[in-house]
Every structure is written in C-alpha cells, then in structure tokens.
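Q: Provided below for reference: sequence and predicted model.
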Amino acid sequence: QVQLVESGGGLVQAGGSLGLSCVASGRTFNRYNMGWFRQAPGKEREFVAAITRSGGSAYYGESVQGRFTISRDNAKNTVYLQMNSLKPEDTAVYYCAATLTSLTDPGRYNYWGQGTQVTVSS
C-alpha cells in the first residue's frame, strides 16, 4: 500500500510559477513510476507528466511541454512538479499517482493522492 500526499497548490497570476510536491509513504517508492494528472471542473482527468522509477526519463502532456518539469528524489520519497509560465487554463485539481506499469494511462495507476488545487488568475 502506498499513500500519497500532495502539497504546494494555491493561487497564482498568469505567467507566474508554482511548485507541487507529493510525498509517498512506505519503503517501496522507488519501485513505482510516478505521474501528475489534473482535472478541471466538467472535464476529464488529463495526463500532465510522468517520471520513471529511477528518474531517468520524463514524459509530458502536450499542453504543458516546455513549461512544466517533473522530478523525483527517491531518498525523500518525493516527486515534484515545477510549473512555470502558468496560464488560466492550467487551473485544476492536481493529483499525483503511482504506477508499476503504464506512464500516461490514468487507468493503470494504482495509487492516488487527494489532490491539490491550483488556480491561475488572468
């Protein structure tokens, strides 16, 4: 069992930056690929970014490519999402999740955090 707790959400103006963190419980963090997803009101959950177990490879959704950076620190059981050049359309609840398999398919993620709200004002 893995428990995930996100933090770092908040309100920011368009063009600003925000960093999210997700801390995982347990000693098996480095077995899991980690991902960030987001969901805006009335919309489906959207893939944002994912990183492999070792941190050697990262993948991004098209809408955040070049603006967001995912990273992880296995010694701290933590995955991060640095968000730059934020836009109002980035407003959503952001979730971190853990998977043993597919990186971009939310249906293949086994564990989810409770989410943290990010609001970008115009």
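A: Structure received.
Q: so what's the nearest residue to Gly8 once chain neighbours are set aside bridging to?
A: Leaving out its chain neighbours, the residue that sits closest to Gly8 by CB to CB, 6 or more residues apart in numbering is Leu20, at 4.2 Å. The way it works is simple: take the backbone N, C-alpha and C, and place the C-beta from them, glycine included. With DSSP bridges as the criterion, Leu20 is bridged to Leu81.
Q: quick check, Leu20 in contact with Leu81.
A: Yes: under the criterion of CB atoms under 8 Å, Leu20 makes contact with Leu81 at 4.3 Å.
Q: please identify which of those two sits among more neighbours.
A: For Leu20 and Leu81, the more surrounded residue by other CB atoms under 10 Å is Leu81, and the numbers stand at 27 against 24.
Q: roughly how far does the nearest residue to Val5 once chain neighbours are set aside sit from Gly113?
A: Distances taken as CB to CB, 6+ apart put Val23 closest to Val5, at 5.3 Å, once the chain neighbours are dropped. According to CB to CB, to the nearest Å, Val23 stands 9 Å off from Gly113.
Q: which neighbours do those two share?
A: Shared contacts of Val23 and Gly113 (CB atoms under 8 Å, 6 or more residues apart in numbering): 4-5.
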